[in-house]
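Engineer: Pasted the sequence and its predicted model underneath.
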Amino acid sequence: MKRNVKGRLLLASVVLFIVVAFAFASEFLELPGITANTANTNSSVSAPGRSSFDAFDRPADATLSHVAYVHDGDTLYLQPDGTSARDDQIKVRLIGIDTPELRPVSECFGAEARDYLRAMLPEGTAVWITTDREAVDQYGRSLLYLWTTDDRSVNLDLVANGYAEALNIAPSNTYWKLFDAAESVARDSNAGLWGSC
């Protein structure tokens, strides 16, 4: 009998914590241009592109591009429209996130992050892109936010599903609070790398 009561109290505590975490996170979803996606109530952490944070408004100035190749969980190559030459590809570093490395040493969950992004963005996939305050990093990579054609934020999806950590590097940190809130929920639910590493 005591175990049942303790079990119910534990379950109630967990449910309350999740409700409070989402209420706390929703405060950050009121940033300009960001809206919560309440339509997806049957989200799954393991399915590419499905989480409670799976969408926020794509900026009107975003432009269309195509995925050429996914290198790792936060680095990929885009092919500008109308070209096919490899020399025209743009190396992209996703803004606001950091996934485990694959080289020089393969870190825990690095391969999973890469494979997840490859499943979400197969070669040839059309994506919407936009930058923040800095367009290029010190290594010459384009710093971008990506959205799928159904307006799912790729950067946010990786964090919310536990494949990436939120990364705050000013001045390109417009969505930092949103990414940080998504990381907190993923960490607390042991999603992805948080339950494996």
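Structural biologist: Everything's here; your move.
Engineer: any idea how far residue 56 is from residue 164?
Structural biologist: Look at residue 164 and residue 56: by C-beta to C-beta, to the nearest Å, they are 16 Å apart. Backbone N, C-alpha and C define where each C-beta goes, glycine included.
Engineer: Where in this protein is the helix or strand with the lowest mean pLDDT?
Structural biologist: Of all regular secondary-structure elements in the chain, judged by mean pLDDT, DSSP states H and E, the least confident is helix 2-28 with a mean of 41.
Engineer: Check the offset of stretch 167-177 from the chain's centre.
Structural biologist: 13 Å (C-alpha atoms, centre = their mean, to the nearest Å).
Engineer: Residue 164 and residue 56 - which one has more neighbours?
Structural biologist: The residue with the greater number of neighbours, taking residue 164 and residue 56 and applying other C-beta atoms under 10 Å, is residue 164; the counts read 30 against 21.
Engineer: and residue 113, what is it in contact with?
Structural biologist: Residue 113 is in contact with 72, 73, 74, 99, 100, 158, 163, 164, 192, 193, counting by C-beta atoms under 8 Å, 6 or more residues apart in numbering.
Engineer: again, only this time at 7 Å
Structural biologist: Taking C-beta atoms under 7 Å, 6 or more residues apart in numbering as the contact definition, residue 113 lies against 72, 73, 99, 100, 158, 163, 164.
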